[in-house]
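**Student:** I would like to see how this sequence folds:
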Amino acid sequence: MEFNLTVFLLQLSTFLVGMFVSSKIFLPQLKNWMESRRKRIEEQIAVAEKRQKEAESLKTDFDKKVRELEQNTAEIIQRSRKEAGQARDEAIQAARKEAELILADARKAIESERQAVTQALQNEVGLLAVNIAEKIIRSSVDAKVQEKMVKESIQELGSRKN
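**Tutor:** Residues are numbered from 1 along each chain as shown. Predicted coordinates for the structure are as follows:
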């Protein structure tokens, strides 16, 4: 292979002209494309960082709301337990009051029954006294025997009341 200076110079000039034409036509478009790509990538990175910050903010808000919800739930449970305890205490007090009323009614009924029995007993004693008086009048008993019978009747009356 021989070295031909003319061919070499021709190839060199063609190369240089091609490079010059390429630098004037293609290089600005390539630079514009590379610059737009760089800007797009930077924008995407900025958007991704912004979204990541928003996601962290949302996560923080979510965690805060979850803690508030847990706290509210705990308060509601505590309040419900307290209200249930109060309702239970109120029910117990109402039952006690009702039992006291029933007991008072029973005592009144017992007292009324006792008074009725006492009244019946007094009526019976009265009849007994009348019967004794009839017997005394019918029999011709002297005054001492009559006095003795009245005293015995009075003692019987006193012992029946007790």
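**Student:** what about residue 121, neighbour count?
**Tutor:** For residue 121, the tally of surrounding residues (other Cβ atoms under 10 Å) stands at 13. Backbone N, C-alpha and C define where each C-beta goes, glycine included.
**Student:** mind listing what's buried along the helix or strand hosting residue 146?
**Tutor:** In this assignment (DSSP states H and E), residue 146 forms part of helix 143-161. Buried residues in helix 143-161, defined by neighbour count with 16 or more other Cβ atoms under 10 Å: 146, 149, 153.
**Student:** same for that helix, what does it pack against?
**Tutor:** Packing partners of helix 143-161 (3 or more Cβ pairs under 8 Å, 6 or more residues apart in numbering; DSSP states H and E): helix 5-138.
**Student:** tilt between the helix it packs on and helix 143-161?
**Tutor:** Per axes from the mean of the first three to the mean of the last three Cα atoms, to 10 degrees, the angle that helix 5-138 makes with helix 143-161 is 180 degrees.
**Student:** any idea how far helix 5-138 is from the middle of the chain?
**Tutor:** Using Cα atoms, centre = their mean, to the nearest Å, the mean C-alpha position of helix 5-138 is found 11 Å from that of the whole chain.
**Student:** what is that helix packed up against?
**Tutor:** Using 3+ Cβ pairs under 8 Å, 6+ apart, the elements in contact with helix 5-138 are helix 143-161.
**Student:** distance from the chain centre to the helix it packs on, please.
**Tutor:** 75 Å.
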